[in-house]
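Student: can't give you the sequence, but here's the structure:
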């Protein structure tokens, strides 16, 4: 819990009239150390300055090494970024050596334990326990993190799992806006105070660190948190806590798992925006710096003017997965009357591809990593023909057809509905591919990179059409048939997605026992694009009933799709979709695309097929 209240200014001022020992004892130094300290000159007391360095990570998403489990190879991308906390550890060690360990804090803004097969392995295959420590906890403890905010993905595996992970950490996991369902009191530590003695300083600097998670947890992990936790807005809770912290600390830093650019993927399903860090900096006086998370973008530095004080507030966000480390530099000055005050702030990011992995962290994590490598490379089936998701976002793909087939088949097997079964899936991973021949766990897992569970709801034909119209906001409007590069057609910018609609918010709907077919006319404005919608060759009637298989993220309101979150739920057995795919392949032994792959939808412009060059 928070450290005791700081030494009062009255005590510090009283010390100024006495000995150096009195000054330092008032500031918190032991009497023995204070007595041995040299007496400072009066000018020294008036001219005290200090420099603090705050190092920040976010959205590590269970990346320990620079490794791509899905490709079974060293990670690489078009910009040659490197990933993994082992690389970040090298940057942290170098900064501590350069700045001095006593001048540095190491912080994180959440989403730590989910995102790679390693995260899934230690949650589902070999779950962490009292005797099995999460590799991310091992690494972060060894690196001596000072605090972390909760990310929304921390809740993916349930609260009990999260509490186990929390108990393994030797630093606080902060979440001021994760509140008890009944009492509305924080159920995680809201903040921590770090007392620092910067090099050459005669007085301690008390740094308050407030942690805020994403209110979208209430939607995205509804099954795990409903009736147990309530999630208030980032701005709303900052308004409560920052004034309190201002009274007991010299510096206030906020860790927000909430993007900088105000927007919400869930529309108005919650009264609080998903991404609210800039709003918070504008509306809440007293914040000195913000370490932003959640958006997976890089912000070297951004200054936001607080509307009440006119002061500039620094925001920074390092790129996700350990690709960057944020470095926040705070310059402080001290006066007898006002104590420590922020004089200036700036930030930049460091690139982890410039350094090797830290040898000590690598040694600690190698056995855990190797266990995952062995697991994901184990064979489960054979495939009669290669399948690729490279073009799945703009062209009907057997990879998405496979996901939809397994989802729909699982629902039909479980509940034997009288209505026809449809299924919804998105092209989650452009790099996903199932090879011809031997298929491993990692091949199948690569199709579905999120830890979603399966539900089924009942929709009408009119609601299915509305849903598809929302999905097709993903496409940019065109004037003709092309040809167009794919990036001129997909990932449209919208008010809900000002940086471009992500692939995971483009859903494809398929039928199980008969085909659901439709054209997407992207020459038309959003909302008027679905034409020729038919089931089993017949136009879909507005009142026609369907059972629709869907993941928990979407059914809970993620993406703001219509009807789906309010529809009657017919099936919810908390089955992990990725595991359903692996289990289906293991049981059937053979994956034959002819079993499920059909061309059910296409992009058109005024009725003519659109040409995409890739």
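Tutor: Yep, it's here. Predicted model, so just to flag it, every value in this text is computed and none were measured. Numbers count the residues shown, from 1 in each chain.

Student: can we go C-alpha only for contacts and neighbour counts from here?
Tutor: Noted.

Student: okay, domains of the protein per the record?
Tutor: 1-42, 48-372, 380-609 (automatic domain parsing).

Student: mean pLDDT and mean neighbour count for the ones you listed - can I get that in CSV?
Tutor: Shown next, in CSV, are the domains of the chain (pLDDT from 0 to 100; neighbours: other C-alpha atoms under 10 Å):
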stretch, mean pLDDT, mean neighbour count
domain 1-42, 42, 15
domain 48-372, 96, 20
domain 380-609, 95, 20
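
Student: distance between the ends of stretch 554-568?
Tutor: For stretch 554-568, the first-to-last residue distance is 14 Å (C-alpha to C-alpha, to the nearest Å).

Student: which outside residues touch it?
Tutor: 219-222, 265-269, 455, 457-459, 463, 466-467, 470-471, 505 (C-alpha atoms under 8 Å, 6 or more residues apart in numbering).

Student: again with stretch 72-87
Tutor: Contacts of stretch 72-87 (C-alpha under 8 Å, 6+ apart): 60, 63-68, 139, 321-323, 351-353, 355-358, 361-362, 373, 377.

Student: now do it: distance to the chain's middle.
Tutor: 18 Å (C-alpha atoms, centre = their mean, to the nearest Å).

Student: my guess is residue 547 contacts residue 455, does it?
Tutor: No. Taking contacts as C-alpha atoms under 8 Å, residue 547 lies outside contact range of residue 455: 10.2 Å.

Student: shared neighbours, those two?
Tutor: Counting by C-alpha under 8 Å, 6+ apart, the contacts common to residue 547 and residue 455 are residue 570.

Student: among the contacts of stretch 554-568, name the ones in strands.
Tutor: 455, 457, 458, 459 (DSSP state E).

Student: wait, the third one sits on residue 570?
Tutor: Yes. Contact status for residue 458 versus residue 570: in contact at 7.0 Å, counting by C-alpha under 8 Å.

Student: now do the shared contacts for the two.
Tutor: residue 547.

Student: quick check: closest non-adjacent residue to residue 280.
Tutor: Closest residue to residue 280 apart from its sequence neighbours, by C-alpha to C-alpha, 6 or more residues apart in numbering: residue 235 at 4.9 Å.

Student: element containing that neighbour?
Tutor: helix 234-248 (DSSP states H and E).

Student: what is that helix packed up against?
Tutor: The contact analysis (3 or more C-alpha pairs under 8 Å, 6 or more residues apart in numbering; DSSP states H and E) places helix 234-248 against strand 205-212, strand 251-256, helix 277-283.

Student: which parts of the stretch 51-200 of the chain are strands?
Tutor: 67-68, 73-74, 104-108, 147-149, 173-174, 178-180, 191-196 (DSSP state E, counting those that start in this stretch).

Student: so how far is residue 333 from residue 201?
Tutor: From residue 201 to residue 333 the distance is 10 Å (C-alpha to C-alpha).

Student: next: residue 224.
Tutor: Distance of residue 224 to residue 333, computed by C-alpha to C-alpha: 46 Å.

Student: also residue 400?
Tutor: Distance from residue 400 to residue 333, by C-alpha to C-alpha: 59 Å.

Student: check residue 143 too.
Tutor: 29 Å.

Student: residue 62 too?
Tutor: 39 Å.

Student: now do residue 50
Tutor: Distance of residue 50 to residue 333, given as C-alpha to C-alpha: 6 Å.

Student: ok, now residue 443?
Tutor: Distance of residue 443 to residue 333, given as C-alpha to C-alpha: 56 Å.

Student: can you give me the helices for the stretch 451-600 of the chain?
Tutor: Along the stretch 451-600 of the chain, counting by DSSP state H, counting those that start in this stretch, helices occupy 461-471, 552-555, 577-588.

Student: so which of those helices is nearest residue 302?
Tutor: helix 552-555 (31.1 Å; C-alpha to C-alpha).

Student: I'd like to know how many residues surround residue 377.
Tutor: Neighbour count for residue 377, taken as other C-alpha atoms under 10 Å: 17.

Student: what are the ranges of the helices in the stretch 201-350 of the chain?
Tutor: 217-220, 222-225, 234-248, 277-283.

Student: which among these is found nearest to residue 541?
Tutor: That would be helix 217-220 among those, by C-alpha to C-alpha, at 30.6 Å.

Student: for the closest one, give me every contacting residue.
Tutor: Counting by C-alpha under 8 Å, 6+ apart, 152, 155, 225-226, 229-231, 552-554, 556-558 sit against helix 217-220.

Student: change it to 6 Å
Tutor: Contacting residues not belonging to helix 217-220 are listed as 152, 553, 556, 557 [C-alpha atoms under 6 Å, 6 or more residues apart in numbering].

Student: and if you look at stretch 117-129?
Tutor: So stretch 117-129 is contacted by 62, 113, 134, 372 (C-alpha under 6 Å, 6+ apart).

Student: hmm, the second one is touching residue 63, no?
Tutor: No. Counting by C-alpha atoms under 6 Å, residue 113 sits too far from residue 63 to count as a contact (8.7 Å).

Student: now residue 327: closest residue in space, sequence neighbours ignored.
Tutor: Counting by C-alpha to C-alpha, 6+ apart, residue 327 lies nearest to residue 55, which is 4.8 Å off, once chain neighbours are set aside.

Student: you'd agree residue 529 is up against residue 519?
Tutor: No. Counting by C-alpha under 6 Å, residue 529 sits too far from residue 519 to count as a contact (7.8 Å).

Student: secondary structure element holding residue 424?
Tutor: Using DSSP H and E, residue 424 falls in strand 421-425.

Student: list the helices and strands that strand packs on?
Tutor: For strand 421-425, the elements it packs on are strand 508-511, strand 545-551, judged by 3 or more C-alpha pairs under 6 Å, 6 or more residues apart in numbering; DSSP states H and E.

Student: with distance to residue 486 added, can I get those in JSON lines?
Tutor: As requested, the helices and strands packed on strand 421-425 are exported to JSON lines (distance: least, C-alpha to C-alpha, whole Å):
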{"stretch": "strand 508-511", "distance to residue 486": "17"}
{"stretch": "strand 545-551", "distance to residue 486": "26"}
